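sequence below, structure please.
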Amino acid sequence: MEFAGLAAGIAVGLGVLGPSIGVGLATAKAAEAIGRNPDAAGTIRTTLILGGALAEGLGILSFVLGILLWTRIG
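A predicted model of the protein is given here:
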């Protein structure tokens, strides 16, 4: 049986699920923090963008892993 497509789908699905939840929670907390302390908005926004970029990097990495599994390179 060919399980490469199933493995790729599971890898991408689970690999993108974690970063998407993390970015959503981080955005909610950043909006709450800016609402509580508007003077620190620049610092909070910078930290949010850096954390979001790192989380999205993990999502892209899982996508590449899924493509490699699907084409069975490795």
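
can we go C-alpha only for contacts and neighbour counts from here?
Fine.

what strand or helix carries the most centrally placed residue in the chain?
Geometric centre of the chain, nearest residue: Pro19, 2.6 Å, by C-alpha atoms, centre = their mean. Per DSSP states H and E, Pro19 falls inside helix 4-36.

please apply the same query to Gly42.
helix 41-71.

distance between that helix and the chain's centre?
With C-alpha atoms, centre = their mean, to the nearest Å as the basis, helix 41-71 stands 4 Å off its chain's centre.

once you drop chain neighbours, what's closest to the residue nearest to the centre of the chain?
Closest residue to Pro19 apart from its sequence neighbours, by C-alpha to C-alpha, 6 or more residues apart in numbering: Ala55 at 5.1 Å.

the one you found: what's it in contact with?
Pro19, Ser20, Gly22, Val23 (C-alpha atoms under 8 Å, 6 or more residues apart in numbering).

which elements pack onto the helix holding Pro19?
Judged by 3 or more C-alpha pairs under 8 Å, 6 or more residues apart in numbering; DSSP states H and E, helix 4-36 is in contact with helix 41-71.

tell me which residues in the helix it packs on are buried?
The neighbour-count check on helix 41-71 (16 or more other C-alpha atoms under 10 Å) flags 41, 44-45, 48, 51-52, 55-56, 58-60, 62-63, 65-67, 69-70 as buried.

quick one: Ala4 and Leu69 touch, right?
Yes - taking contacts as C-alpha atoms under 8 Å, Ala4 lies within contact range of Leu69: 5.9 Å.

can you list the contacts of Ala55 in CSV and add pLDDT?
Output for those, formatted as CSV (pLDDT from 0 to 100):
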residue, pLDDT
Pro19, 86
Ser20, 87
Gly22, 88
Val23, 90
